[in-house]
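S.K.: Provide a 3D model corresponding to the input given below.
(one chain, ligands or ions: 2)
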Amino acid sequence: MPENESAEKGIVENSPHLGLDDRFTFQCGPHMDCFTKCCRDVSILLTPYDVLELKKSLGIDSSEFLERYTFVMQSKDKKIPAVFLKMSEESQSCPFVSDKGCGVYAHRPWACRMYPLGMAEPKDAQQAAQRFYFMVQEELCHGHGAGQGCSVREWIDEQGIEPFDVNQISFRQLMGHPGWDKPELLTPDKLAMFYMAAFDLDRFRSFVFDTRFLELFDVDEARVEALRTDDEELLEFAMDWLAFSLFQENKRMRLTQSARSQYVPGPEATAPAEAPL
Ligand code: SF4
Ligand code: SF4
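M.R.: Ligands and ions are numbered 1, 2, ... in the order given. Modelled structure (predicted):
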């Protein structure tokens, strides 16, 4: 287990578990002597919705955002790509921090909103009730024990975390899928497709509209229209597509009649042979 992964596991195991109504005291703001220190030399894992929010904030497309501001690490055993915010090479600071604070504050990632809270939950989305929170205490941060105090629920509300939670339910469900435990099915092509559909949303839009995709899948007309411009709808659609193409779950993906006549699904099937992957 990598050193930081093991350290994180230690924090989760050794910190008191907090529920939504548990309270803590914490203060943060430009008046603190540690202001922005938490934005340097930090490992920030991005969710697909974080990428969507940040590219919107910067007014660039997802491919440019990923290229300029992130790096990818693959899990050791299954090689599943995970996307991290890239710190500046010279200063090891987040590319968005300045003396005035966070330059993408309204669109900042889930992890930045949650800090100093962490969250742990079972992989199985059906067991979401077992989710708990814990405090991340680091020497560099002087906000602990100061201020008036608030509950975990109030913190989540004040930091605008709810849309980030809501918009990553399908991603969490996908990542908790037992199909990931069959590494023989996770070919490099499929993992590249996962990265594209989950994180490189503008490229995924081209995949849907500039290939034969919509001839092969029967997608409701209103949804097709929404997919042209609505990134959140497209992200949800990408999760449906990944569940279908990675794990053969087709609850919300239907092949068109002509595609069905050309395609007989088998145990290894992932998509019609003509689907451009
Ligand atoms: S995104 Fe904003 S809050 Fe998060 S590390 Fe960067 S500057 Fe800090
Ligand atoms: S180090 Fe802690 S208190 Fe200081 S700015 Fe960051 S989160 Fe706020």
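S.K.: Kindly report the residues of the stretch 51-200 of the chain close to ligand 2.
M.R.: Counting by CB under 6 Å from any ligand atom, the residues of the stretch 51-200 of the chain close to ligand 2 are 115, 140, 141, 142, 143. (C-beta placed from N, C-alpha, C; glycine too.)
S.K.: who in the stretch 101-250 of the chain is up against ligand 1?
M.R.: Selection of the stretch 101-250 of the chain residues close to ligand 1 by CB under 6 Å from any ligand atom yields 102, 104, 108, 109, 112.
S.K.: Which one of these is nearest to residue 240?
M.R.: Each of those was scored against residue 240 by CB to CB, and residue 109 proved nearest at 23.9 Å.
S.K.: Run a quick neighbour tally on the residue lying closest to the closest one once chain neighbours are set aside.
M.R.: Distances taken as CB to CB, 6 or more residues apart in numbering place residue 50 nearest to residue 109, at 4.0 Å, with adjacent residues excluded. The number of residues packed around residue 50, counting by other CB atoms under 10 Å, is 25.
S.K.: So which elements touch the helix or strand containing residue 50?
M.R.: Element membership for residue 50 (DSSP states H and E) is helix 48-58. Judged by 3 or more CB pairs under 8 Å, 6 or more residues apart in numbering; DSSP states H and E, the packing partners of helix 48-58 are helix 62-69, helix 110-114, helix 162-166, helix 188-199, helix 201-209, helix 231-247.
S.K.: got JSON lines for those, with mean neighbour count and distance to residue 172 too?
M.R.: Converted to JSON lines, the helices and strands packed on helix 48-58 look like this (neighbours: other CB atoms under 10 Å; distance: least, CB to CB, whole Å):
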{"stretch": "helix 62-69", "mean neighbour count": "18", "distance to residue 172": "20"}
{"stretch": "helix 110-114", "mean neighbour count": "19", "distance to residue 172": "11"}
{"stretch": "helix 162-166", "mean neighbour count": "14", "distance to residue 172": "9"}
{"stretch": "helix 188-199", "mean neighbour count": "18", "distance to residue 172": "12"}
{"stretch": "helix 201-209", "mean neighbour count": "18", "distance to residue 172": "17"}
{"stretch": "helix 231-247", "mean neighbour count": "20", "distance to residue 172": "10"}
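S.K.: Report the central residue of this structure.
M.R.: Central residue check for the chain by CA atoms, centre = their mean: the C-alpha nearest the mean position is that of residue 47, 1.4 Å away.
S.K.: check contacts around that one.
M.R.: Each residue near residue 47 by CB atoms under 8 Å, 6 or more residues apart in numbering is listed here: 109, 110, 164, 168, 171.
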